[in-house]
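> Just to be clear, the model below is a prediction. Sequence and coordinates:
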Amino acid sequence: MSARQKLGKTSEKEAANVSTPMDVEPSFIEPDIEPLTGKPFAHLIMSKSHVKYYMSIPMKLAKLLASAVVPVELIRGGMSWKMTYEGEDFKNSRRLDAGWKTFVNDNRIEAGDACVLELLESSSELIKFKVQILRCKFPDKLLERISGDTMDSPILIDD
């Protein structure tokens, strides 16, 4: 089961009881990129399968997590999404369940975007990740400067 929640100035426990209706399109504001806190993290470039189906947890983080099925909370931009971590080896892969697809849709993740997962909490009862998304979109102001797409006409970026 997957749920999206808005976190406010209330405690996390109170915020966990406030759900945002899934059938209402929220206004989309891209959250700022924040510095990492020094906790374990990993990054992935999203492939088509990450965007369409599920996400395998990078082994760098998976080895720190329980080898069990555990509830997961993804946090991004004051919102949280609940899903399940399938930590029992599934064809040598540990992954997030179908709730990942809701996170992908709500955050408009596309193939080529990068996701940074920072492990905030890990126990056999709950896994919590802070997620940051780095978009792969090439800046429009640089598109105007492209004269070709070959090595003979490179894109030059000046300060």
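Arrived safely, thanks for sending.
> Show the average pLDDT along stretch 87-97.
On average, the pLDDT along stretch 87-97 is 80.
> swap in stretch 63-80?
pLDDT averaged over stretch 63-80 gives 94.
> same question, stretch 123-131
When pLDDT is averaged over stretch 123-131, the result is 96.
> What lies in contact with that stretch?
Stretch 123-131 is contacted from outside by 34, 37, 65-66, 68, 70-76, 85, 103, 115-122, using Cβ atoms under 8 Å, 6 or more residues apart in numbering. Using the backbone N, CA and C atoms, a C-beta is placed for each residue, glycine as well.
> Check stretch 43-51 too.
So stretch 43-51 is contacted by 55, 58, 104, 109-117 (Cβ under 8 Å, 6+ apart).
> closest to Leu134 among these?
Ala114 (4.2 Å; Cβ to Cβ).
> element containing Lys130?
Here Lys130, judged by DSSP states H and E, is contained in strand 127-134.
> Ok, Trp81 next?
Trp81 belongs to strand 79-90 when assigned by DSSP H and E.
> Just the buried positions in that strand, please.
By neighbour count on 16 or more other Cβ atoms under 10 Å, the buried set for strand 79-90 is 79-87.
> Also stretch 33-45?
Result for stretch 33-45 [16+ other Cβ under 10 Å]: buried residues 41-42.
> okay, how far is it across that stretch, tip to tip?
This stretch, stretch 33-45, spans 16 Å end to end (Cα to Cα, to the nearest Å).
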